[in-house]
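S.K.: 3D, please:
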Amino acid sequence: MSNQTKYNTFRQANPEFVYESYQYDVQPDGLHIVFLFRVGNDIEFAPTAFIPSRPFLHFDQPAEVLDTLVFNMGMIELISYWKCLCPPTVVVRCGKLSEAQIPFWKKIYFNGLGEFFYINGIEATIDDFLTIRCESDKPMCAPLPQVTAGNGNTLCPIGGGKDSVVTLELLSSMSAQRPIPLIMNPRGATVGCIEAAGYTMDDVLEIRRTIHPRLLELNKEGALNGHTPFSAMLAFYTLLAAQLSGSHNIALSNESSANESTVVGTNVNHQYSKSLEFENDFRQYVASFISPNYNYYSFLRPLSELQIAMLFSRNEKYFDVFRSCNVGSKQDIWCASCPKCLFAYIILSPFIAPDRLNAIFGKAMLDDASLRQYFDELTGVAETKPFECVGTISEVHSALAMTIARWYPHNRPCLLADYQPHTPTTSLTTLFAEHNLPTESLATLSLAINNK
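M.R.: Below you'll find the predicted structure:
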């Protein structure tokens, strides 16, 4: 059965996906959250989230504040469960969305599932893939009062890769008040990075999020599966984290490169929820329907991946702890055999000597002929870029040209043997104009890339 046939069949058999409820409970050990989603009478999903207590967190929030924030978290959580059977109608029974809110959610779902539809060969349009119907009179659209402390705290989500490390270092340099690291489901690299930065886990706002096992069972049984907008989900969790920690600023680490489509000539973008388009839509939604007191922005938006790699290379204390490999994430390793590893190797290669870079990744990746396909995808020879969080094709060419000039003027590794270097087009000293950074942050970035 083709995936298109599955999609059509599942939709006929499962006409509604129900967002039944959300519940939260403050206990001595922290804030416990449970969502309840249903498909028909037989399928139920109950994913959970837990935020452990910390001295800097304040769980005594007004009920309407927690209701609004947790309800919206459920709205983004549901798409991970909707996608397995793709019911044509989403029924919301625990809150009422206004007519102005619904288009925002449909756009997130559709664009965030762009890779899912593309990889599975499913034809769908934003108009017909789902309808949202609310069966509650409890409004979830009135802006909240400005109840956060607004005391200058900045949340900094840490993913364990080079980008969030650069953000954390530069934010720390801006004032005596260190940013608050936020880690979802801590693992080796995220813990290693915050420890290298001088934090302990007691300083970290931790979120433990679970996936309900029924989803994994359905996937094994042949349900549809694929990429969902993780960064959009994280965005809504950061609002609750900001509220609990009294933080005004939420500084993400999404760069300008995230705006480039993965499939040339289409809107299919693996990194849609890291794009400036999503960031702007999210900021507008939050200001209009939640509270104008949260300032969600990407600190690295004015930078290219190449500039971020340059800044990261100045912080050797992270070299042996950072990781960006999805394949090896559970083992906390670089697999050194996937496109994400190859991209990270390439983008860092102009700035870190080959022997040191090889020690980080475990081998000389540019001398591994088995990576030819990924190399062609990253350099634009193949039809599509890898479905990973990687930089633009022009950035890859710029990095390779710089690497050849600096390290390989004569004998080249095998992947570069027949490669014709392009004139670098990615500037190391120019900031991109489109962003949402505060003035002080922009000045910090400008000084950093000019090495001042």
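S.K.: so where's the chain uncertain?
M.R.: The chain contains residues with pLDDT under 70 at 141-152, 452.
S.K.: now do the SS call for residue 243.
M.R.: Residue 243 carries the three-state label helix when classified by DSSP: H, G, I helix; E, B strand; the rest coil.
S.K.: so residue 36 versus residue 93, what's the distance?
M.R.: Counting by CB to CB, to the nearest Å, the gap from residue 36 to residue 93 is 9 Å. To be clear about C-beta, it is placed using only N, CA and C from the backbone, and glycine gets the same treatment.
S.K.: over to residue 220?
M.R.: 29 Å.
S.K.: next one: stretch 299-310 to chain centre, how far?
M.R.: Here stretch 299-310 is found 16 Å from its chain centre; the criterion is CA atoms, centre = their mean, to the nearest Å.
S.K.: grab the CA positions of it and hand them over as PDB.
M.R.: What follows is stretch 299-310, C-alpha atoms only, in PDB (Å, rounded to 0.1, in the frame of the first residue of the first chain):
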ATOM      1  CA  PHE A 299      20.400  35.500  19.000                       C
ATOM      2  CA  LEU A 300      22.300  34.100  16.000                       C
ATOM      3  CA  ARG A 301      19.800  35.100  13.300                       C
ATOM      4  CA  PRO A 302      22.200  37.800  11.800                       C
ATOM      5  CA  LEU A 303      24.900  35.100  11.400                       C
ATOM      6  CA  SER A 304      25.700  32.400   8.900                       C
ATOM      7  CA  GLU A 305      26.700  28.900   9.900                       C
ATOM      8  CA  LEU A 306      30.300  29.800   8.800                       C
ATOM      9  CA  GLN A 307      30.400  32.800  11.200                       C
ATOM     10  CA  ILE A 308      29.000  30.600  14.000                       C
ATOM     11  CA  ALA A 309      31.700  28.000  13.300                       C
ATOM     12  CA  MET A 310      34.400  30.700  13.500                       C
END
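S.K.: could you point out which element follows the lengthiest strand in the chain?
M.R.: If you go by DSSP state E, the chain has its longest strand at strand 16-27. Later in the chain than strand 16-27, the nearest helix or strand by DSSP states H and E is strand 30-39.
S.K.: which outside residues touch the helix or strand just after that next one?
M.R.: Scanning forward in sequence from strand 30-39 by DSSP H and E, the next helix or strand is strand 43-45. The contact list for strand 43-45 (CB atoms under 8 Å, 6 or more residues apart in numbering) reads 14, 35-38, 81, 85, 212, 214-215, 218.
S.K.: which of the residues you listed lies closest to residue 238?
M.R.: For those, the residue nearest residue 238 by CB to CB is residue 35; the value is 17.3 Å.
S.K.: nearest residue to that closest one other than its sequence neighbours?
M.R.: Nearest residue to residue 35 in three dimensions, chain neighbours excluded: residue 74, at 4.6 Å (CB to CB, 6 or more residues apart in numbering).
S.K.: count of residues packed around residue 6?
M.R.: When counting by other CB atoms under 10 Å, one arrives at 17 neighbours for residue 6.
S.K.: any idea whether the residue nearest to residue 35 is helix, strand or coil?
M.R.: Secondary structure assignment for residue 74 (three-state DSSP): helix.
S.K.: quick one: it and residue 18, what's the gap?
M.R.: Computed as CB to CB, the residue 74 to residue 18 distance reads 12 Å.
S.K.: more neighbours, the two?
M.R.: residue 74 (23 against 20).
S.K.: isn't that one up against residue 19?
M.R.: Yes: Residue 74 is within contact range of residue 19, at 6.0 Å (criterion: CB atoms under 8 Å).
S.K.: who touches both of these two?
M.R.: Residues within reach of residue 74 and of residue 19 at once, by CB under 8 Å, 6+ apart, are 35, 94.
S.K.: one step back: overlap of the contact sets of residue 36 and residue 93?
M.R.: Contact with both residue 36 and residue 93 is made by residues 19-21, according to CB under 8 Å, 6+ apart.
S.K.: can you redo those as TSV with distance to residue 331 and neighbour count?
M.R.: TSV is the format used below for these (distance: CB to CB, whole Å; neighbours: other CB atoms under 10 Å):
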residue	distance to residue 331	neighbour count
19	35	26
20	37	16
21	37	16
